[in-house]
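[1] Fold the following, please.
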Amino acid sequence: MGISRYTTSLLVPPIGACQDGCGSSCAAPVTVFWLFGVVSVVYGFLGGPMGEPGVSWYTVGLGLAMWGIAAVWSMLTIRGWQADRCQGVLSPRDHRVEAKESEDDPFDEVKKAH
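    So this is what the prediction gives:
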C-alpha cells in the first residue's frame, strides 16, 4: 500500500474502501461509521448533547474513535483485496472447490418436485 492509499483511508475511509479496495460491499458500513465520527466531532465542538458552553471532549473523543474504526476497516479492506489479487497462501481463491462434471445438478431435484 502506498502512502496515498493510507492517507485516503485515514482522511476519507469510504473513498479508500471503494476506490483502492473494491470494497463496495463494505462501503456503506464504513460510510456510516465515518459520518457518525464527523458529525460527533463537529457536534462536540458546538457543545455536545449537554449543551456545554465550551467543547464537549467526550463527544469529540467518541467521534474520533468512530472515525478511527472506519479508517482501520478501510485499510483492512484494502489489504484483503490485495491479498486476493495476489493469490497468496491465505487467499480464498486458492481454496475454492470446483464442481465435477459427473455430479448431478442440485436444482434437478427442485425441477422434479414441481
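
[2] from here on, contacts and neighbour counts on C-alpha atoms
    Noted.

[3] in this structure, which spans are helices?
    With DSSP state H as the criterion, the chain has helices at 3-11, 13-15, 27-45, 57-86, 107-113.

[4] which secondary structure elements does the first one contact?
    What it means is helix 3-11. Applying 3 or more Cα pairs under 8 Å, 6 or more residues apart in numbering; DSSP states H and E, we find helix 3-11 packed against helix 57-86.

[5] Just want the angle from the helix it packs on to helix 3-11.
    140 degrees (axes from the mean of the first three to the mean of the last three Cα atoms, to 10 degrees).

[6] Please tell me how far the residue positioned nearest the centre of the chain sits from residue 14.
    Ranked by distance to the mean C-alpha position of the chain (Cα atoms, centre = their mean), the top residue is residue 26 at 4.1 Å. Between residue 26 and residue 14 the distance, using Cα to Cα, to the nearest Å, works out to 9 Å.

[7] Check residue 5 too.
    Using Cα to Cα, one obtains 12 Å as the distance from residue 5 to residue 14.

[8] again, but for residue 66
    Relative to residue 14, residue 66 is positioned 13 Å away (Cα to Cα).

[9] cool, residue 77 as well?
    In terms of Cα to Cα, residue 77 sits 11 Å off from residue 14.
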